[in-house]
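> pasting a predicted model and its sequence here:
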Amino acid sequence: MTTTTLAVLVPLLPFLGAAAGLLLGRTAPGFVRPLAVLPTLTALALAAIVAVRQGGNAAIDSATELTPTGSVPVELALHIDGFAALVAVLVAFVATCVQIYSTGYLRDDPRYPSYAALVSLFTSAMLLVVYSGDLIVLLVGWEVMGICSYFLVGHYWETPEARAASMKAFLVTKLGDVPFLIGLFALATDAGSFRITKVLSTVTSGGLHHPTLIALLLLAGVAGKSAQFPLHTWLPDAMAGPTPVSALIHAATMVAAGVYFVARLLPVFEASSAAMVVLAVMAAVTMAGSGLAALAQDDIKRVLAYSTIGQLGYMTGALAVGDRGAAVFHLLSHGAFKALLFLAAGVIIHASGTNSLAAMSRMGNLRARVPDALWTMTVALLALAAIPPFSGFFSKESVLGAAEHAATEHTSHIPGAAGWIVLVAGLLTALLTAAYATRLWLLAFNGRGVDAPDHGRQPVAMNAVLWVLAVPSLALGGLAYRVLPDWFDGRDLTPTLTTSVLGTGVALVGGIVTYGAWRHTTALAARAPMGAVAAHPEGDAGLVEAEAIASHAPAYGDVASAADPADPGRLLLGPLHRHAASGFHLDAVYGALFVRPVLAAASLVRFLDREVVDTYVQGAGTLPRLLGAAVRRAQTGNLQTYVSALLAGTVVLTVAVLLVATGA
C-alpha cells in the first residue's frame with residue numbers, strides 16, 4: 001500500500017469510527033468501546049508507518065481538484081513533511097490513550113457513546129489539519145474541531161457552568177476565526193492558490209502584496225485556537241468538560257492546531273518583521289501572565305490549563321524567532337507530559353471525591369491511595385518544570401537557545417527585539433513554571449484536607465495509560481533532540497550551555513523558594529487547622545466531576561481559590577494573588593468593553609423598535625380602523641334614514657350650486 005493511501009486512511013479511520021459509534025451507540029452498545037479504541041489505534045499504527053517512510057525526506061505531495069471554482073481552485077491535497085508526520089503520530093497516540101482511559105473513567109456515563117464518537121471525530125479533524133496540503137481543507141478540520149470542543153466541553157450540559165464554558169469556548173475561538181478566514185482568502189488571492197506549496201513558493205519569490213496585514217489576520221485565528229493573549233480566556237473555563245477531553249484538547253488537538261499552522265506557514269509570517277514582533281510580544285505576555293495566574297489557582301485542572309497556555313507561549317515564542325523546529329519539538333514533548341498531567345489529575349479527582357472537584361486546598365491523604373498518579377505525575381511535573389533529564393528540559397531549552405541566537409545573531413527577517421523579548425519572558429516563565437509545579441505537587445499529595453471516602457482502586461485502563469505516557473515524558477527529549485533535526489530542516493536542537501544553566505537555575509530557584517514558602521505556611525496553618533470539608537459520596541469519576549461542577553466549586557463559580565492558609569501561592573504573590581486568581585480580570589475588561597456596549601445597543605434597538613417603529617405601525621392601522629368604525633355606525637339598515645340623508649344631501653348640494661351661481 002502506498003504512503004499516500006496510508007496517509008488518507010489515518011484521518012479517515014477515526015471519522016468512520018465516529019460515524020459508526022453514533023449509529024450503533026444505542027442499538028448495539030457492546031460495539032461502542034471497540035469502535036472508540038480500535039480505529040484510533042489503527043490510525044496510530046498507520047501514522048507511525050507514514051512517519052517511518054517519510055523519514056525526514058522530501059515532502060510527500062498529492063492532490064486532486066474537488067470541483068471547478070472558476071477562480072482559485074480548492075484541492076483535496078496532502079502535504080506530509082517531517083513536521084506533519086511526527087505531529088500526526090502525537091495526535092493519534094494521545095487520542096488512543098484518551099480513548100482507552102475513558103473506557104474506565106466514563107464507564108457508567110449514559111452519554112459515553114456520543115462522547116466517544118465526538119472524541120474520534122475530534123481526532124479525525126486534527127489529523128486532517130496536520131496532513132492537509134490545501135488551506136480550505138485545513139479550514140474544514142479547523143472548524144470541525146471547534147464544533148467538537150463545543151459539545152465535549154459541554155458534555156455535562158445539565159450544569160450551567162458546562163453550558164457557559166462550551167458557549168464561551170465556541171464564541172471566543174470564532175471571534176478569532178473571522179479574521180483568520182479573511183486572511184486565508186487574502187493569502188490565496190496573492191498566491192493564486194490555496195495549496196500550501198504554492199503559497200510558500202509565492203512567499204519565496206516575493207509575491208505577497210500585503211504580508212503584514214495577512215500575517216496579523218491569521219494571527220487572530222491562531223490566538224483564538226491556541227489560547228494566546230488576548231483570546232486565551234476560554235481555555236481555563238473549558239475545564240468544565242470531562243478530564244480526558246481536557247487532556248485531548250491541551251495535549252494534541254485544538255490548541256496545538258494554531259501553533260502547527262504557524263509552523264507550517266512560517267515564511268508567510270517571516271515576510272513581515274512587524275508580525276514577528278507582534279508574535280513575540282503575544283508570546284511573552286501569554287507566558288508571564290499565565291505563569292502568575294497558575295500560581296494562584298486552587299483547582300488542579302485550572303492550574304494545568306494556565307500551564308498549557310504558558311507552554312503554548314513557549315512554542316509561539318520559538319516561532320517568533322524563526323525556529324519552527326524548536327516550536328514543534330516542544331509541541332511533541334509537551335503533548336506527552338501534558339496528557340499525563342491531565343489524566344493523572346483525573347485519577348486524583350476520582351480518589352479525592354471532594355465536592356469542590358479538584359480543589360487542592362481540600363485534598364488529604366492521597367499519596368497512599370493513588371501511587372500510580374503520584375509517581376507518574378511527579379515525572380510529568382518535572383518535565384513541565386524543565387528539570388534535566390526529563391523531556392521538557394530539552395524541548396524548552398531548544399526554545400530558549402533559539403531566542404538567545406535571535407537576540408545576539410541578527411538576521412534579515414528576525415528582529416533582534418523579538419529574540420530578547422522571548423528570551424527574558426521565557427526565563428521568567430521557567431521560574432514561575434517550576435514554582436506552580438512544585439506548589440501543585442505539594443498541595444495535591446501533601447495536603448491538609450479531610451480524607452475523602454475511599455472509592456477503591458482505579459480501573460486498570462486508567463493507571464496503565466499513565467505509565468505508558470510516563471515513558472515519553474521521561475525519555476523523549478533526550479532521544480529526540482538527536483534525531484529530530486533530520487525531520488526538522490536540519491536545525492540543531494542541542495541545548496546550549498548558557499540557556500541550559502540559566503533555565504535550570506531559575507527553575508531550581510522557583511521550586512526551592514516555593515517549597516520554603518510551603519514549609520512556612522504549613523507551620524503557621526498548623527496552629528489553626530482547617531475545618532472539615534464535606535466529602536463527595538461514592539460514585540463514578542465522571543459523575544463525581546459532573547456533580548462537583550454543579551456544586552459551584554471555586555474553580556467554576558468563584559474564581560478566587562479557597563482560603564487555605566497553607567497555600568504558598570498566597571505568600572509568594574502577596575497582593576497580586578487576588579488579581580492573578582481571576583486571570584487579571586480580563587473577562588471583566590471584555591465585559592466592560594464589548595459585552596455591556598452590545599447589551600446596551602441591543603436594549604436601545606429594542607426600545608426604538610417597541611416605542612418608535614411599533615408606534616408608527618400601530619398608528620397606521622388605527623386610522624383605517626376609526627374610519628371603518630364611523631362608516632359602520634352610519635349603516636343602520638333603516639330605509640327612512642337613508643332617504644332622509646339622500647334628501648338632505650340633495651338640498652345641501654342645491655344650495656351650494658345656487659350660492660356658487662349667484663357669486664359668479
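Received the coordinates, thanks. Residues are numbered from 1 along each chain as shown.
> in stretch 475-487, what's buried?
Within stretch 475-487, the residues that count as buried by 16 or more other CB atoms under 10 Å are 476-477, 480-481, 484-485, 487. From N, CA and C alone the C-beta is placed, and that goes for glycine too.
> and it, how far out from the chain middle?
Averaging C-alpha positions (CA atoms, centre = their mean, to the nearest Å) puts stretch 475-487 27 Å from its chain's average.
> before we move on, what about stretch 117-131?
On CA atoms, centre = their mean, the centre of stretch 117-131 falls 15 Å from that of its chain.
> now the buried residues of stretch 475-487 in CSV, with pLDDT, distance to residue 94 and secondary structure?
Output for these, formatted as CSV (pLDDT from 0 to 100; distance: CB to CB, whole Å; DSSP: H, G, I helix; E, B strand; the rest coil):
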residue, pLDDT, distance to residue 94, secondary structure
476, 84, 13, helix
477, 79, 17, helix
480, 77, 16, helix
481, 78, 21, helix
484, 83, 18, helix
485, 82, 23, helix
487, 83, 19, coil
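> nearest to residue 125, of the residues you listed?
Relative to residue 125, the closest of these is residue 487; by CB to CB it sits at 23.4 Å.
> list the contacts for that closest one?
Contacts for residue 487 were tallied using CB atoms under 8 Å, 6 or more residues apart in numbering; they are 54-56, 81-83, 85-86.
> any low-confidence regions in the stretch 301-450 of the chain?
For the stretch 301-450 of the chain, the stretches flagged by pLDDT under 70 are 352-358, 364-365, 412, 447-450.
> ok, now with 90
Low-confidence segments of the stretch 301-450 of the chain, defined by pLDDT under 90: 347-371, 408-416, 443-450.
> show me where it has its helices.
For the stretch 301-450 of the chain, the helices defined by DSSP state H, counting those that start in this stretch occupy 324-352, 371-384, 391-408, 416-445.
> for residue 133, find the nearest of the ones you listed.
With respect to residue 133, and counting by CB to CB, the nearest of those is helix 324-352 at 17.0 Å.
> can you list contacts of stretch 1-17?
35-36, 38-40, 42-43, 46-47, 49-50, 53-54, 60, 62, 78, 80, 88, 92, 95, 117, 120-121, 123-125, 127-128, 131, 141.
> mark which of those are buried, thanks.
Buried, going by 16+ other CB under 10 Å: 35-36, 39-40, 42-43, 46-47, 49-50, 54, 60, 62, 78, 80, 88, 92, 95, 117, 120-121, 123-125, 127-128, 131, 141, out of these.
> host element of residue 78?
Using DSSP states H and E, residue 78 sits in strand 74-80.
> helices or strands next to whatever helix or strand comes next after that strand in the packing?
The helix or strand immediately downstream of strand 74-80 is helix 82-105, counting by DSSP H and E. Helix 82-105 makes packing contacts with helix 3-24, helix 32-54, helix 112-131, helix 243-251, helix 255-264, helix 324-352, helix 460-483 when contacts are defined by 3 or more CB pairs under 8 Å, 6 or more residues apart in numbering; DSSP states H and E.
> just put these in JSON lines and tack on distance to residue 185.
Formatted as JSON lines, those follow (distance: least, CB to CB, whole Å):
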{"stretch": "helix 3-24", "distance to residue 185": "24"}
{"stretch": "helix 32-54", "distance to residue 185": "30"}
{"stretch": "helix 112-131", "distance to residue 185": "18"}
{"stretch": "helix 243-251", "distance to residue 185": "27"}
{"stretch": "helix 255-264", "distance to residue 185": "15"}
{"stretch": "helix 324-352", "distance to residue 185": "24"}
{"stretch": "helix 460-483", "distance to residue 185": "37"}
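> my guess is residue 218 meets residue 185, correct?
No. Using CB atoms under 8 Å, residue 218 is not in contact with residue 185; the gap is 11.0 Å.
> in terms of neighbours, single out the busier of those two.
residue 218 (26 against 15; other CB atoms under 10 Å).
> any weak-confidence spans in the stretch 501-650 of the chain?
Judged by pLDDT under 90, the stretches of the stretch 501-650 of the chain that qualify are 520-567, 590-591, 593-595, 607-650.
> quick one, helices of it?
Going by DSSP H, counting those that start in this stretch, the stretch 501-650 of the chain shows helices at 541-550, 568-573, 577-581, 586-590, 596-608, 614-634, 639-663.
> ok, and what's touching the second one?
This means helix 568-573. Residues outside helix 568-573 that contact it (CB under 8 Å, 6+ apart): 292, 295-296, 435-436, 439, 442, 513-515, 517-518, 520-521, 561, 577, 580.
> buried subset of those residues as a ChimeraX selection?
The buried subset of these, as determined by 16+ other CB under 10 Å, is captured in ChimeraX by this line:
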select :292,295,296,435,436,439,442,513,514,515,517,518,521,561,577,580
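> for residue 399, see how far away the nearest residue to residue 408 once chain neighbours are set aside is.
Excluding the flanking residues, the one nearest residue 408 by CB to CB, 6 or more residues apart in numbering is residue 419, at 7.4 Å. Using CB to CB, to the nearest Å, residue 419 is found at 11 Å from residue 399.
> repeat for residue 334
Distance from residue 334 to residue 399, by CB to CB: 11 Å.
> what do those two both touch?
In contact with both residue 334 and residue 399: residue 315, using CB under 8 Å, 6+ apart.
> re earlier: tilt between the strand holding residue 78 and helix 82-105?
If you take axes from the mean of the first three to the mean of the last three CA atoms, to 10 degrees, strand 74-80 sits at 90 degrees to helix 82-105.
> which element is residue 493 on?
Under the criterion DSSP H and E, no helix or strand holds residue 493.
> whoops, residue 63 was the one
strand 60-67.
> now that strand: average pLDDT?
Mean pLDDT, strand 60-67: 85.
> sheet partners, orientation included, of that strand?
strand 74-80 (antiparallel) (DSSP bridges).
> quick one, the strand it pairs with and helix 112-131 angle?
If you take the same axes, to 10 degrees, strand 74-80 sits at 80 degrees to helix 112-131.
> rounded mean pLDDT for strand 74-80, please.
For strand 74-80, mean pLDDT is 91.
> determine the angle, from 0 to 180 degrees, between it and helix 32-54.
70 degrees.
> what does strand 74-80 rub up against?
Strand 74-80 is contacted by residues 3-4, 7-8, 50, 54, 59-67, 88, 131-134, 136-137, 194-197 when judged by CB under 8 Å, 6+ apart.
> again, only using 10 Å
3-4, 7-8, 10, 50-51, 53-54, 59-68, 84, 88, 130-139, 188, 193-198, 200, 264 (CB atoms under 10 Å, 6 or more residues apart in numbering).
> and the buried ones among the residues you listed, selectable in ChimeraX?
Written as a ChimeraX command, the selection of buried residues from these, which uses 16+ other CB under 10 Å, is:
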select :3,7,8,10,50,51,54,59,60,62,63,84,88,130,131,132,133,134,135,136,137,138,139,188,193,194,195,196,197,198,200,264
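> ok, residue 388 - how many residues close by?
17.
> so who does it touch?
Neighbours of residue 388 in contact, by CB under 10 Å, 6+ apart: 382, 394, 397, 477-478, 495, 500, 503-504, 507.
> farthest pair within these?
Longest span within the contacts of residue 388, CB to CB: 478 and 507, 17.1 Å.
> returning to what we had before: tell me which of the helices and strands packed on helix 82-105 approaches residue 312 most closely.
Comparing these under CB to CB, the one sitting nearest is helix 255-264, at 5.9 Å.
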